[in-house]
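Asks: The following block contains a protein sequence and its predicted model.
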Amino acid sequence: MWETIWDLILPNILEIILTIISLIVAHYILPYIKSDFIPWLKEKRVYSIVKKLVQAVEKLAESGVIEKQAKKEKVIELLESKGIVVDATVDAFIESCVKELDIVVGAIYKEVVKTEEN
């Protein structure tokens, strides 16, 4: 008889214990996620968008669709059309993406020149 009662009570006790543990974890972990992790994800998303727009605008400038002097303004215009406020951080992202693209293009150019010399 006691085994039957224990078999009925044990799942409820475990559920209560797991609920209490979940509440404690939520109380201490969620503030960390809100304060540190979510802003990091937002920055990563914005950087990814900036990188793609910089590459697209560079391609447009190469093909002559837009003037080379208006590239940064075009990136800013596209960002604002996506609802991204261009502040100092986003401006730094733009500059970083341009520098990264210049480094990649320079490395490819060096490889092409090296291949042609051989």
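Replies: Done, it's in.

Asks: element containing the residue nearest to Glu58 when sequence neighbours are not counted?
Replies: Setting aside the residues directly before and after it, Glu58 is nearest to Leu101 in space (CB to CB, 6 or more residues apart in numbering), at 6.2 Å. Every C-beta, even on glycine, is put in place using the N, C-alpha and C of the backbone. Assigning secondary structure by DSSP states H and E places Leu101 in helix 88-117.

Asks: what packs against that helix?
Replies: In this structure, helix 88-117 packs against helix 38-63, helix 71-81, with contacts taken as 3 or more CB pairs under 8 Å, 6 or more residues apart in numbering; DSSP states H and E.

Asks: any chance of these in JSON lines, plus mean pLDDT and mean neighbour count?
Replies: Shown next, in JSON lines, are these (pLDDT from 0 to 100; neighbours: other CB atoms under 10 Å):
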{"stretch": "helix 38-63", "mean pLDDT": "91", "mean neighbour count": "14"}
{"stretch": "helix 71-81", "mean pLDDT": "94", "mean neighbour count": "16"}
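
Asks: between those, which one is nearest to Ile29?
Replies: Nearest of the helices and strands packed on helix 88-117 to Ile29, taken as CB to CB: helix 38-63 at 12.6 Å.

Asks: The closest one relative to helix 71-81, how many degrees between them?
Replies: Going by axes from the mean of the first three to the mean of the last three CA atoms, to 10 degrees, helix 38-63 is angled at 130 degrees with respect to helix 71-81.

Asks: quick one: helix 38-63 to helix 88-117, angle?
Replies: 50 degrees.

Asks: Return the list of helices and strands in contact with helix 38-63.
Replies: helix 71-81, helix 88-117.

Asks: These: lowest mean pLDDT?
Replies: Mean pLDDT is lowest for helix 88-117 among the helices and strands packed on helix 38-63, at a mean of 89.
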